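Engineer: From the sequence below, what's the structure:
(one chain, ligands or ions: 2)
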Amino acid sequence: MPSSALSSEQLIAQTADFVRAKFLGEGSGHDWEHIRRVWLTSRALAATVPAADQMVTELAALLHDVADWKFHAGDEEAGPRAARAWLHGLHAEESVIQRVETIIREISFKGLGVPTPMSTPEGEVVQDADRLDAIGAIGVARAFAYGGHKGRPLHDSSVAPVVHDSFESYKKNTAPTINHFYEKLLHLRERLHTPAARQLAQERHQFLETFLAQFLREWEGEDLAQLQAPA
Ligand code: ADP
Ligand code: NI
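Structural biologist: Ligands and ions are numbered 1, 2, ... in the order given. Here you go, the predicted model:
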């Protein structure tokens, strides 16, 4: 088995350049800046998980959304395939390619009723980092960027949130963006793997709760009650 001609630093740097060029300016919240944050967070989390290999973690973080099913007609294998093709082109070791491919295959949220265990410590780190970027202030911004990109209403109180118990039903979902908070975002905190991610999630989760309470208060005009009628 020929070993990689590139050092791990070169593999990571070339992969970062490739992904940056591909995703710069993307408008649905899956842009290069999302990937950059997931990469940085993954690096920080991996430093707290001795079993996580730094190179595999960084490559998987950089490539985790390279061909997301959400933008490839629901094709779940598009991501693993694109990551394999890229790393193969750099002559990365087959074992590294396989580990990255597995992480990308396992990482996505697939519906509240569908468990998404990660089979490796690197996968746990990258899934945690990806999920941390879906909560907090950035998570709120990304949810509405995605909803706008898909032409969804902000909110409709007549459409009840759904617990999707298959990936197929989750994929077909076209509900208003506020429903996504109840169908996914508010549950991510409980589904993190690493203690460091759980620590970071506390204030990000609290921000989601605060945002939702204020959004619904304004939506229903509850704050209007503070106005005094003229005497
Ligand atoms: P995952 O693969 O776990 O879905 P991604 O990195 O692809 O993770 O990020 C998903 C992002 O897209 C999140 O920020 C999430 O809020 C947003 N998103 C996905 N589906 C919806 C939806 N139906 N409504 C609003 N935002 C969504
Ligand atoms: Ni992502």
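Engineer: Look up how far P80 lies from I103.
Structural biologist: For I103, the distance to P80 equals 9 Å [C-beta to C-beta, to the nearest Å]. Yep, even glycine has a C-beta here, placed from its N, CA and C like the rest.
Engineer: Next: G89.
Structural biologist: Distance from G89 to P80, counting by C-beta to C-beta: 15 Å.
Engineer: Would you mind telling me which of the two has the busier surroundings?
Structural biologist: P80 (21 against 10; other C-beta atoms under 10 Å).
Engineer: List phi and psi for the more buried one.
Structural biologist: P80 has phi and psi values of phi -50, psi -40 when expressed as degrees, to the nearest 10.
Engineer: what's the closest non-adjacent residue to it?
Structural biologist: Taking C-beta to C-beta, 6 or more residues apart in numbering as the measure, P80 lies nearest to E101, with 4.3 Å between them; neighbours along the chain are not counted.
Engineer: how near is the one you found to ligand 1?
Structural biologist: With the distance defined as C-beta to the nearest ligand atom, to the nearest Å, E101 ends up 15 Å from ligand 1.
Engineer: cool, and Q14?
Structural biologist: 22 Å.
Engineer: At the contact with ligand 2, which residues of this structure appear?
Structural biologist: Applying C-beta under 5 Å from the ion, one finds that the chain approaches ligand 2 through 65, 130.
Engineer: which one's the longest helix in this protein?
Structural biologist: Longest helix in the chain, counting residues (DSSP state H): helix 195-219.
Engineer: Would you mind listing the buried residues in that helix?
Structural biologist: For helix 195-219, a neighbour-count test (16 or more other C-beta atoms under 10 Å) marks 196-198, 200-201, 204-205, 207-208, 211-212 as buried.
Engineer: One more: stretch 108-123?
Structural biologist: Neighbour count says stretch 108-123 has 108-112, 114, 118, 120-123 buried, by 16+ other C-beta under 10 Å.
Engineer: Alright, I will stop here.
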